[in-house]
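S.K.: Please work out how this folds:
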Amino acid sequence: MAVEVFMPKAGMDMQEGTIIQWLKNVGENVEEGEGLLEIETDKVTMEVEAPATGVLLCRYFEDGAVVPVVTTIGYVGEPGEAVPDKPQLAGIVAETASSEMVETVETQKSVLAEETNGVKATPYAKKMAMSNAIDLNEVPPTGPVGEIKGRDVEREIAKSPLARRIAEDKGIDLSAVTGSGHQNKVMKSDVLAKIAEQETPGVTAVVLNTTPLSGMQKVVGERMVKAHTEIPCVTQNTKVDMTKLLTFRKQINENRENKLTINDFIVKAVAKVLLHDKKVLVSLGDKEIIHHQDVNIGIAVALEEGLIVPVVKNADKKSLEEISETVKSLSAKAKSGGLMVDDYQGSTISISNLGMFGVHSFTPIVNQPNAVIIGICAIEEELALVDNQVENRKKMMISLTYDHRLVNGDVAAKFSLKVRDLLENPMEILL
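M.R.: Down below sits the predicted model:
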């Protein structure tokens, strides 16, 4: 019996997804768990796996199509099986799709990763690696539990066959060619541009590329404009003396393999303040102010295609060590495209750190529906008078932006001062 392939609903807020590319053509054999197509939601790019073993019987939508969630986009089955002429909801009633589909996507059948020689990989990934002489130890994993999936191996061999043939014929090293295709795939045009560059000494071929806005870029842009225009925001800058914390961190990290970052201490300090003072953990409802009890801290992570804010859940209940491990894990998953829906939902306050770029102060935009976002700036040297002695101190700005409809200036200021006091007395963060 033919099995439906549908546009998954990756979260309650998702209404539609964009098909980036089909990985299989109609009539091609597919294995259960093998990557069938790639889609893009408003937050992440994800791979839709084949729900069964057989052949791809039909594709109702092609690359670039924007498809409502839970709509059937194709069928997998035995060759010659009959399938409907038109797409339809994937075997469920539209009115109940929202809640049921979230559970369906999250519990969707997946191929169990097997560990071989210390490397976790799905059977399909192992098969692809073996047939293409790929060393799995050199393949970055993107699976939710650190396993290598089929898509990871496919990216390692993602070179256009035509581009490869032209390159071999002209003696072009593909590793020196910058790809313009999806996920930097080297295309025919890239190889031809490289050939033209080499055949015209002193003249570099100019190839103008335009790329449409990704789903993430469009949604991030829309939300930034919405937040900037709707929220009467105020930014307050508070200077923090980080000298003691830097010394304290250096001492702690001396014999540690996994080093604690300045950001880890800041997240922990914010969480500790919020444990006892939740006045800034509010959001705006239809006709009421919603007071949140969960200390879920969103950590802004910059990606090439946009910005995403994975969330450290219940940060007030985590130790400094646990916060550090969670932040590192979420950041790695965000950059590898391995975030799950639950990883970036439910924040009640956010932190954006631009300190590594030497930024003195800035105005972070509130991440709705949060009421507050904390901007972390660069640590700078500054002379200060301490006990009648001039000392070189390490100072840093905290740029706190808040929704003035929900948070008053004195509340925001007192919150910033509490965070400042903890950072200036780092032992208190751990007590």
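S.K.: do you know how far Gln15 is from Lys272?
M.R.: Applying C-beta to C-beta, to the nearest Å, the value for Gln15 to Lys272 is 38 Å. Quick note: C-beta positions are derived from backbone N, CA and C, even for glycine.
S.K.: Ok, Glu4 next?
M.R.: For Glu4, the distance to Lys272 - C-beta to C-beta - is 49 Å.
S.K.: quick one, strands of the stretch 301-431 of the chain?
M.R.: 301-303, 306-308, 311-312, 349-353, 372-386, 389-403 (DSSP state E, counting those that start in this stretch).
S.K.: strand partners of the shortest one, parallel vs antiparallel please.
M.R.: Read it as strand 311-312. Neighbouring strands of strand 311-312 in its sheet, by DSSP bridges, are strand 297-299 (antiparallel).
S.K.: Could you do the fifth one as well?
M.R.: In the sheet containing strand 372-386, the strands it pairs with under DSSP bridges are strand 349-353 (parallel), strand 389-403 (antiparallel).
S.K.: Just name the most buried of those strands.
M.R.: Ranked by mean neighbour count under mean count of other C-beta atoms under 10 Å, the strands paired with strand 372-386 are led by strand 349-353, which reaches a mean of 23.
S.K.: Strands along the stretch 1-150 of the chain, start to end?
M.R.: 3-6, 16-22, 29-30, 35-40, 45-49, 54-59, 66-68, 72-77, 114-116, 119-121.
S.K.: weakest of the strands of the stretch 301-431 of the chain by average pLDDT?
M.R.: Comparing mean pLDDT across those, the weakest is strand 306-308, with a mean of 84.
S.K.: which strands and helices sit next to that one?
M.R.: helix 215-230 (3 or more C-beta pairs under 8 Å, 6 or more residues apart in numbering; DSSP states H and E).
S.K.: Just the buried positions in the helix it packs on, please.
M.R.: 215-217, 219-220, 227 (16 or more other C-beta atoms under 10 Å).
S.K.: Among these, which one sits closest to Val83?
M.R.: Nearest to Val83 among those, counting by C-beta to C-beta, is Gly215 at 27.7 Å.
S.K.: any chance of the strands paired with strand 372-386 in a markdown table, plus distance to Lys317?
M.R.: Shown next, in a markdown table, are these (distance: least, C-beta to C-beta, whole Å):
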| stretch | distance to Lys317 |
| --- | --- |
| strand 349-353 | 15 |
| strand 389-403 | 23 |
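S.K.: Out of these, which is closest to Ala412?
M.R.: Of all the strands paired with strand 372-386, strand 389-403 comes closest under C-beta to C-beta, at 4.8 Å.
S.K.: which residues of this protein score low on pLDDT?
M.R.: 11-13, 43, 88-118, 131-133, 144-145, 151, 154-164, 174-175, 180-186, 199-208 (pLDDT under 70).
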